[in-house]
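Engineer: sequence and predicted structure below; questions after.
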Amino acid sequence: MSERCDLVVVGGGLLGCLTAWIAARDGARVLLADKDQVNQHASGQNAGSLHFQLEYRMVEAGPEAARVAAEAMPLHLDAAARWARLEDEIGEPLGVRRAGGLMVAENADQVRTLRFKAELERSWGLDVRTLDRAELDVLAPYLAPGVVAANLSPLEGKADARTAAPAACRAAVRAGATVRTRCRLTGADRVPGGWDLTFRESDRAGRTQDRTVRTSAVVLAAGVWTTGLGALFHAELPTVPLALTMTVTSRIPRFLPHLVQHAGTRLSLKQSADGTVLVGGGWPARLARDADGAPAFDRKHHLVPRSVAGNAGAAVRTVPALERVPALRIWVGATTVAPDQLPLVGPVAGAPGVFVATGGSAFTLGPSFAHLLARLVSGRSPEIDLAPYDPARFTERSTV
Ligand SMILES: Cc1cc2nc3c(=O)[nH]c(=O)nc-3n(C[C@H](O)[C@H](O)[C@H](O)COP(=O)(O)OP(=O)(O)OC[C@H]3O[C@@H](n4cnc5c(N)ncnc54)[C@H](O)[C@@H]3O)c2cc1C
């Protein structure tokens, strides 16, 4: 047995890096392992929106689905407070800007959605109010004349997805964590007091060697790979993978201070500090698949031209100034949601010492997830009731 540690974090996205940082800062011997590079997947490919309102995907399926999705609000409120101090705690800029977020409506149906949503969100303690057109003329004159109302959440904004996880990773290293890239978890054996984990490490020339690490605790922070990794621990961790489209425009003078979303279509918009505008909001792309039809997460996913056009159309219809701004780059990233839109956060059933978090807006919720995981790993109880996010909830229901 060559190596021992207190915690192995599997996955070097934002969630894994933040978890490794908190645990190492609290005194644990931490190994963070990623099969590729830090921030190479969803955490580095996403829109960087810090959204605390319910997203369109949560309200489009009707009021009951929205009520279930709103059960994640304690996590959102916790994450909002953590993002407010994260740059100071990490000691590096993360591109956090919180000038507020608007979810806009263009017709009476969508205004009804906004009002229902605001009431639901306020019942959980989120500060949201519905603005009429006259108020929007003052606050957001860049919005199209067809926008008749919007919900404003002052907490919303963005962070820089390109830099947040690497900065958290550096903080983890400064706190004493070991980070290994090109280091893939391939096996897990239960031993007294913990796990023997097998990693396949590869060098730049593609040569591989296996390494075993004994650890008391494991955190799975593996995004779309979570369900597959659960199987190594004989655990069911059901997630639904989604491939999504993102577009970034060329630079234009700053005119868009808010995060802009839409109550009737998939859309998120924001202007970065460098002047580019990031356009996303959940337009589907096509997951790469292997010969058996199973998603192949290690391959490149495929753009769907209709999504690119639909996303651009929604953006221009909402913020007409974008019509004259060229798109610079379009890409696809993959992420997970759970079947009920609530995240999976907590201990992995049947695998003592193993914990998981994934699902949904895990960039926004990353700091909250990481804090909860670090508490669970060290045997402290979480400050937030994790029952609604229990990773075993689908398994238990299916056996009733
Ligand atoms: C296009 C797009 C836009 C999005 N927009 C937003 C947004 O605006 N706001 C928001 O809150 N969320 C957004 N999301 C979701 C968000 O990006 C993800 O929920 C979040 O980044 C997940 O972070 P993570 O650290 O859990 O996973 P990831 O960043 O995917 O990291 C997981 C890591 O695990 C590693 N790994 C997997 N298997 C193994 C293994 N066997 N051994 C070692 N390492 C392994 C992978 O290599 C990867 O680096 C978006 C997602 C996409 C794709």
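Structural biologist: That came in fine, so what should we check first?

Engineer: can you pull the contacts of the residue of the stretch 1-150 of the chain found nearest the ligand?
Structural biologist: Per CB to the nearest ligand atom, Gly13 is where the stretch 1-150 of the chain lies closest to the ligand, at 2.2 Å. Using the backbone N, CA and C atoms, a C-beta is placed for each residue, glycine as well. Shown in contact with Gly13 (CB atoms under 8 Å, 6 or more residues apart in numbering): Val38, Asn39, His41, Ala42, Ser43, Gly44, Ala165, Ala221, Gly223.

Engineer: what number of residues lie near Val316?
Structural biologist: A count of neighbours around Val316, defined by other CB atoms under 10 Å, yields 16.

Engineer: any idea which helix or strand carries it?
Structural biologist: Taking DSSP states H and E as the definition, Val316 sits inside helix 305-318.

Engineer: which residues does the helix or strand following that helix contact?
Structural biologist: Counting by DSSP H and E, the next helix or strand C-terminal to helix 305-318 is strand 327-337. Contact partners of strand 327-337, identified using CB under 8 Å, 6+ apart, comprise 41-42, 45-46, 57, 223-224, 226-227, 239-250, 276, 285, 287, 295, 297, 300-303, 308, 312, 358-360, 362.

Engineer: select only the buried ones of those in ChimeraX?
Structural biologist: Burial among the contacts of strand 327-337 is assessed by 16 or more other CB atoms under 10 Å; the matching ChimeraX selection reads:
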select :41,42,45,46,57,223,224,226,227,239,241,242,243,244,245,246,247,248,249,276,285,287,295,297,301,303,308,312,358,359,360,362
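
Engineer: Val325: neighbouring residues, count only.
Structural biologist: Applying other CB under 10 Å, we find 18 residues neighbouring Val325.

Engineer: what's near enough to touch the closest residue to it other than its chain neighbours?
Structural biologist: Setting aside the residues directly before and after it, Val325 is nearest to Thr249 in space (CB to CB, 6 or more residues apart in numbering), at 4.5 Å. Contacts for Thr249 (CB under 8 Å, 6+ apart) come out as Thr276, Val277, Val279, Leu322, Val325, Pro326, Ala327, Leu328.

Engineer: just the buried subset of these, written out for PyMOL, thanks.
Structural biologist: Only the buried entries of the contacts of Thr249 go into this PyMOL selection, using 16+ other CB under 10 Å:
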select buried, resi 276+277+279+322+325+327
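
Engineer: mind listing which of the contacts of strand 327-337 are in strands?
Structural biologist: Per DSSP state E, strands hold the following members of the contacts of strand 327-337: Val240, Pro241, Leu242, Ala243, Leu244, Thr245, Met246, Thr247, Val248, Thr249, Thr358.
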